[in-house]
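[1] Provided below for reference: sequence and predicted model.
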Amino acid sequence: MERKGGKGMGGRPAAPLYDSLKRLAARRPLRFDMPGHHGVLSPARLGEVALDFTETGCTGDLFGPGGDDIEAAEIMWARRFGFDSCLFLTGGSTQGVHTGLALLAGAGSAVALDRGSHRSAYHALALLDLNPHYLLRPWLEREGVAGPIQPEGVAETLQNHPEIKTVCITSPTYYGVLSDLPAIAKVCHAHGARLMVDGAHGAHLPFLGYEGYQAADVVVMSAHKTLPALGQSALLFANGLTLAQLRGMGSVYGSSSPSYLLLAGLDAARAYMEREGARRYGYTARRTARLRSRFPALRPESVALDPTRLTLACADGFALARRLRAAGIFPEMADRGHVVFLLTCADGPRRLARLERVLEKLVDQGAEPYPCPAPPAPPQQVLTPRQALFAPRKTLPLSQGEGQVSAGQLAPYPPGVPVVAPGELLEKKHLVYLREIGYNRSDTMVEVVS
């Protein structure tokens, strides 16, 4: 039986997603979320389908033997950031996290994993059957966020578990907190371990003079998050690994038909940053400092921060985010006590001045920020991440989950950091915590092992 399609914009056949995005773009919102181009900065005209090639013999091959323009572009990135090799990624930092852990840890080994890792790292644990030993972060009570990974904690974990030869941490965090990568790398190397950093939110930092990433063995960065690059485009950097090694494992997790628009966008983004992007980012960093001084913002003492991440502390982050969106301002994320903005080189004086004016109207300077509680201690691990991922499962209301083994992650997203990881026992204290931070509603469901 034939079904008649609906009508879309201009009376043509409906294309619901395309039409929705066109309507949203027509509103010209002030975007301070991903991608980093914020809908206004495109170093190359990447909307042209004429550039959307496949492997033709003259366009190069992302996972091929090399010697082509793709490799030349990757080499330029590697040299600029101080690494031996660089692989372009079209599957986001998720592809890079999986590739990096596969290269460093292999399958079935023990790893030291930042408990504050993105869900992609937890999926990698299951796919590679890795045994995690979690690195816990100190809680910054006044700011209501987790602090940096401590080198002393890494050293203790490696001393207690000498079988660990791979350490994986996140820097910066979603809130902009940076860990001391050179100090952590020194500890890792002293124990015969290698350091992998999920720097998904830090692709802009080397253009601001930051050199900490160079101490790591593998670093993953999402160009699309903070640079003028298209969504899903990311970078995998390595020291001590060849491009051929990156290609070999990267092809396991990447499409055999990568988008040449994304590849070309990575090349164009670096060229733009070399020309004027770095200067514009410097301006954004100065304006971010001004905004932090004018509004209640995350700026803890003795903790390094991404100089262009604006994290506001507020009484109700969810409510403030709703008011901002109603005013045409799109922040990156909100939780119970914060609203996070990604400020990039796409944000010049007019955009940042408009943001400041709106914040003057909407931010209650006298309100006490919500005292975000520290997460409880990690639950007991009953099943391995791999066992939990592939186990039979059932769905229950979260309120009925006490005593069950979680089949997935209980992780507010963003930032995607799990309160309960796959294979861990749901306890009452974790349900209470999720309710306190606004994520345990009556309609919240959870997958558990049946």
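    The structure has been received and is ready for your questions. Numbering: from 1, shown residues only.

[2] Residue 339 should be in a strand, yeah?
    Yes - counting by DSSP: H, G, I helix; E, B strand; the rest coil, residue 339 is found in a strand.

[3] For it, give the beta-bridge partners.
    Beta-bridge partners recorded for residue 339 (DSSP bridges): residue 312, residue 334.

[4] quick one, what contacts it?
    311, 312, 314, 317, 320, 321, 324, 331, 333 (Cβ atoms under 8 Å, 6 or more residues apart in numbering). Using the backbone N, CA and C atoms, a C-beta is placed for each residue, glycine as well.

[5] Return the member of those nearest to residue 119.
    residue 333 (14.6 Å; Cβ to Cβ).

[6] thought the closest one was touching residue 340?
    Yes - counting by Cβ atoms under 8 Å, residue 340 is a contact partner of residue 333 at 4.8 Å.

[7] Return the distance of residue 34 relative to residue 340.
    Going from residue 34 to residue 340 by Cβ to Cβ, to the nearest Å gives 11 Å.

[8] of the two, who's got more company?
    Comparing residue 34 with residue 340 by other Cβ atoms under 10 Å, the one with more neighbours is residue 340, at 23 against 18.

[9] Stretch 253-271: which residues count as buried?
    By 16 or more other Cβ atoms under 10 Å, the buried positions in stretch 253-271 come out as 253-254, 258-270.

[10] Can you say which of the contacts of residue 339 are buried?
    Looks like the contacts of residue 339 have 311, 312, 314, 317, 320, 321, 324, 331, 333 buried, using 16+ other Cβ under 10 Å.

[11] wait, what's in contact with the closest residue to the first one other than its chain neighbours?
    Using Cβ to Cβ, 6 or more residues apart in numbering and skipping the chain neighbours, the partner closest in space to residue 311 is residue 298 (3.9 Å). For residue 298, the set of contacting residues under the criterion of Cβ under 8 Å, 6+ apart consists of 143, 145, 175, 176, 292, 305, 311, 312, 313, 338.

[12] mind redoing it with 10 Å?
    Residues in contact with residue 298 (Cβ atoms under 10 Å, 6 or more residues apart in numbering) are 140, 142-145, 175-177, 292, 305, 309-313, 338, 340, 369.

[13] what bridges to residue 140?
    Beta-bridge pairing for residue 140 (DSSP bridges): residue 145.

[14] That one: neighbour count?
    19.

[15] same check, this time on residue 252
    By other Cβ under 10 Å, 11 other residues sit near residue 252.

[16] Roughly how far does it sit from residue 199?
    For residue 252, the distance to residue 199 equals 21 Å [Cβ to Cβ].

[17] shaky segments in the stretch 151-300 of the chain?
    Scanning the stretch 151-300 of the chain for pLDDT under 70 picks out nothing.

[18] could you say which helix or strand contains residue 344?
    Secondary structure from DSSP states H and E places residue 344 outside every helix and strand.

[19] Let me see the ranges of the strands in the stretch 351-450 of the chain.
    Counting by DSSP state E, counting those that start in this stretch, the stretch 351-450 of the chain has strands at residues 393-397, 445-449.

[20] of these, which approaches residue 345 most closely?
    strand 445-449 (40.2 Å).

[21] and the closest one, average pLDDT?
    Here strand 445-449 scores 92 as its mean pLDDT.

[22] do stretch 51-62 as well
    Here the average pLDDT along stretch 51-62 is 83.

[23] now what about that stretch, what contacts it?
    44-46, 63-64, 66-74, 87-90, 247, 250-251, 254-265.

[24] Which of those residues fall within strands?
    Among the contacts of stretch 51-62, DSSP state E puts 87, 88, 89 in strands.

[25] from the residues you listed, which is closest to residue 234?
    Distance to residue 234, by Cβ to Cβ, is smallest for residue 89 among the ones in strands among the contacts of stretch 51-62, at 4.0 Å.
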